[in-house]
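> fold the following for me, if possible:
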Amino acid sequence: MRSSKLPVASIFLVLVFGVKYAVTYFSPERSAQLDPVFTGILEIAIVAFIIYYLRMFVKWAYNYRKAA
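As a prediction, this is how the structure comes out:
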């Protein structure tokens, strides 16, 4: 059950934080710096997203090679 909800949650997190980051970064009145806590959470979410899907791809490649 947990494994099926994790990709959906990670995609949602990356989309929400990515859109917020893009809107904040490209807004014309960007006088203040970005919130360091927000950018830290965004970086952690993106890294977790990449690691999860990289691990899933490695498992798939291993099983594909084992079956062949």
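> next, count neighbours for Ala45.
By the criterion of other Cβ atoms under 10 Å, Ala45 has 19 neighbours. Yep, even glycine has a C-beta here, placed from its N, CA and C like the rest.
> correction: the previous question concerned Leu42.
Residues lying near Leu42 (other Cβ under 10 Å) number 19.
> mind giving me the packing neighbours of the helix or strand containing it?
When elements are assigned from DSSP states H and E, Leu42 belongs to helix 36-67. Applying 3 or more Cβ pairs under 8 Å, 6 or more residues apart in numbering; DSSP states H and E, one finds that helix 36-67 contacts helix 2-26.
> list the buried residues for the helix it packs on?
Ser10, Leu13, Val14, Phe17, Tyr21 (16 or more other Cβ atoms under 10 Å).
> wait, what's in contact with the residue nearest to the third one when sequence neighbours are not counted?
It refers to Val14. Distances taken as Cβ to Cβ, 6 or more residues apart in numbering place Phe49 nearest to Val14, at 5.0 Å, with adjacent residues excluded. Residues in contact with Phe49 (Cβ atoms under 8 Å, 6 or more residues apart in numbering) are Ser10, Ile11, Leu13, Val14.
> contact partners for Thr39?
So Thr39 contacts Tyr21 (Cβ under 8 Å, 6+ apart).
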